[in-house]
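A.B. asks: Here you go, sequence then predicted model.
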Amino acid sequence: MRLLLRTTDPTLIAFAQALLSGEGIAAFEMDVHMSILGGSSFLLPRRLMVAERDHFLARAVLVDNDFPPDCLPQ
């Protein structure tokens, strides 16, 4: 698994998952429960992970849909 997206905005995560699903790319959201346990769902960032083989295409899909560059680590 490789990190694709890191953000505190749950709408970006949902949008990314919808886009990736449309391309047939499986994505897994991490740190959901940690942000809830921390007391605020907007305090701790959540991560969206994809398989190593899908990372290049998944990143291209998000860049093409104008995701903020600060959310897309190299």
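C.D. replies: Received the coordinates, thanks. Residues are numbered from 1 along each chain as shown.

A.B. asks: what's the burial count for Leu20?
C.D. replies: Neighbour count for Leu20, taken as other CB atoms under 10 Å: 21. (Glycine included, C-beta is placed from N, CA and C.)

A.B. asks: got the contact list for the closest residue to it other than its chain neighbours?
C.D. replies: Leaving aside its sequence neighbours, Leu20 sits nearest to Ala27 (CB to CB, 6 or more residues apart in numbering; 4.8 Å). The contact partners of Ala27, taken as CB atoms under 8 Å, 6 or more residues apart in numbering, are 4, 16-17, 20-21, 48-50, 58.

A.B. asks: Need the phi and psi values for Ala27.
C.D. replies: Backbone torsions of Ala27, given as degrees, to the nearest 10, read phi -130, psi 150.

A.B. asks: now it: how far from Leu62?
C.D. replies: Ala27 sits 10 Å away from Leu62, going by CB to CB, to the nearest Å.

A.B. asks: Could you do Gly24 as well?
C.D. replies: From Gly24 to Leu62 the distance is 15 Å (CB to CB).
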